[in-house]
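> Predicted structure and sequence below. I'll ask about it afterward.
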Amino acid sequence: MRFYKVSAYVFLSLTLLFISMPVWADAVQVDSLGILNELRSQNELLQQRSRFTTGGLAMILTITAMLVFLVINNRWNHRLSIKNRQLERERNVVVAQNKQLAVERDRAEQALSVKTSFVQSMTHEIRTPLNAISGFSQVLATPDIDIPQEQRLELSTRIQENTRQLTTILDDLILISDLESNCSTPPLEDCPATAIVGFAADAFRPLVPATLTFNIDNKVDEDLIVRTNPHMINTILQKLLSNAVKFTSQGGITLCLNSSDDHLCISVVDTGPGIPADKRDFVFERFSKLDSFVPGTGLGLSIARMIAERIHGTLTLDTSYVRGAKFDLIIPIHFDV
């Protein structure tokens, strides 16, 4: 009996178990699917987070790399810009130096050309009176030639004239050399303006031909004092007066004095033919001669202007004057070194 009860209990239990197995299996299956779904969701979430993290990290690295590149590139550009500016400055310096060298070369070539022309011209100017002196001396020294006394005097006079011309040339050369080698202001002193002009007039008056008149037109006060170098002013006036005598055949020569508050103007005026318009721009150049047949070196006016500039004055040709030639020497009345 007991066996049947046990058997019945076992059979019932098995029956119940068999009956409940589908339900339990379904429950287990439901729970398993939920867990799988949950795991799958978490896995997908983790994958999304992983993808986001990886993408963000890649983006950050990319941005960082770009920033580093921009910083490095900016520094290189800055350095290149500085280097380019430095190279540009150096190039400008080289260009400026090349231009300066070209200017200096042109000046040297011009100076050499002027020097060559000067030597050639001076050789000609010196040879002319030397040949005349040599020729006239040979004639006088020839014993076989009977020369009348009158011709002997004429030849002696010609020799003296050419000797004076040669002396003038040498004096001019020495004066030019001194003016070009010494650029300092000459010694200055206070002198009456009328005394300066009067001294030059007295020195020149014996050289004026009898056919010409020589006058002084003074329009300044007798007590006007000028601070200058009277010796140099006298040299300028002698050059101007000598030039006026050469080209004035009739009429006369006048020394004119005028003054303003700061300057003294000394003019040399003649009644000669004047300076042709096509030669006015070259009248102060060396070896500039209006007439090749008139004796002279062509240095007088050039030297006169150089001396005028040395005492801080100016020497100009008055182109508006039509009754001859008029040269104006303007010097400061008061000058402080």
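Happy to help now that I have it.
> Please enumerate the helices of this structure.
2-141, 149-181, 193-204, 230-247, 300-310 (DSSP state H).
> Serialize those to a markdown table and add fields for mean neighbour count and distance to A325.
Just so you know, the C-beta spots here come from the backbone N, C-alpha and C atoms, and that holds for glycine as well. Below are the helices of the chain laid out as a markdown table (neighbours: other CB atoms under 10 Å; distance: least, CB to CB, whole Å):
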| stretch | mean neighbour count | distance to A325 |
| --- | --- | --- |
| helix 2-141 | 11 | 23 |
| helix 149-181 | 14 | 20 |
| helix 193-204 | 18 | 16 |
| helix 230-247 | 20 | 7 |
| helix 300-310 | 20 | 10 |
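> Figure out which of the ones you listed is closest to A277.
helix 230-247 (15.7 Å; CB to CB).
> Off-centre distance for that closest one?
From the chain centre to the centre of helix 230-247 is a distance of 34 Å (CA atoms, centre = their mean, to the nearest Å).
> packing partners for it?
helix 193-204, strand 252-259, strand 263-270, helix 300-310, strand 326-332 (3 or more CB pairs under 8 Å, 6 or more residues apart in numbering; DSSP states H and E).
> tell me the contacts of S249?
With contacts defined as CB atoms under 8 Å, 6 or more residues apart in numbering, the neighbours of S249 are 211, 272.
> among the helices of the chain, which is nearest L224?
Closest among the helices of the chain, using CB to CB: helix 193-204, at 4.5 Å.
> Out of the helices of the chain, which is closest to N218?
That would be helix 193-204 among the helices of the chain, by CB to CB, at 6.2 Å.
> Tell me which other helices or strands the closest one touches.
By 3+ CB pairs under 8 Å, 6+ apart, helix 193-204 packs against strand 213-218, strand 225-228, helix 230-247, strand 252-259.
> Now the third one: average pLDDT?
When pLDDT is averaged over helix 230-247, the result is 90.
> Would you mind pulling the contact partners of it?
Residues contacting helix 230-247 (CB under 8 Å, 6+ apart): 175, 186, 189, 191, 195-197, 199-200, 203-204, 207-209, 212, 253, 255, 266, 268, 270, 272-273, 290-291, 294-296, 300-301, 303-304, 307-308, 310-311, 315, 325, 327, 329, 331.
> and the angle for it with strand 213-218?
140 degrees (axes from the mean of the first three to the mean of the last three CA atoms, to 10 degrees).
> how big is the angle separating helix 230-247 from strand 326-332?
Computed by the same axes, to 10 degrees, the angle between helix 230-247 and strand 326-332 is 170 degrees.
> Can I get helix 230-247 in CSV, CA atoms only?
Output of helix 230-247 as CSV, limited to C-alpha atoms (Å, rounded to 0.1, in the frame of the first residue of the first chain):
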residue,chain,number,x,y,z
PRO,A,230,90.1,141.6,-50.6
HIS,A,231,93.0,139.8,-52.4
MET,A,232,90.6,137.3,-53.9
ILE,A,233,88.1,140.0,-54.9
ASN,A,234,90.9,141.9,-56.6
THR,A,235,91.9,138.7,-58.5
ILE,A,236,88.2,138.3,-59.7
LEU,A,237,87.9,141.9,-60.8
GLN,A,238,91.2,141.8,-62.7
LYS,A,239,90.0,138.7,-64.6
LEU,A,240,86.7,140.4,-65.4
LEU,A,241,88.3,143.7,-66.4
SER,A,242,91.0,142.0,-68.6
ASN,A,243,88.2,140.0,-70.3
ALA,A,244,86.3,143.2,-70.9
VAL,A,245,89.3,144.9,-72.5
LYS,A,246,89.8,142.1,-74.9
PHE,A,247,86.4,142.3,-76.4
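> How far does stretch 273-280 sit from its chain's centre?
So, by CA atoms, centre = their mean, the centroid of stretch 273-280 is 32 Å from its chain's centroid.
> can you list the residues that contact it?
Here stretch 273-280 has contacts from 247, 283, 288, 290, 317, 319, 321-325, using CB under 8 Å, 6+ apart.
> how long is that stretch end to end?
Stretch 273-280 has an end-to-end distance of 13 Å (CA to CA, to the nearest Å).
> Show me what counts as buried in it.
274-275 (16 or more other CB atoms under 10 Å).
> Just the mean pLDDT for it, thanks.
On average, stretch 273-280 scores 85.
> ok, back up a step: may I ask which two of the contacts of stretch 273-280 are separated the most?
Those two in the contacts of stretch 273-280 that are separated most widely, counting by CB to CB, are S288 and R323, at 22.2 Å.
> Compare these two and say which is more crowded by neighbours.
S288 (15 against 11; other CB atoms under 10 Å).
> now for stretch 207-215, what's the gap between its first and last residues?
Note: stretch 207-215 ends 13 Å apart using CA to CA.
> I meant to write stretch 222-232 there.
The separation between the terminal residues of stretch 222-232, taken as CA to CA, is 21 Å.
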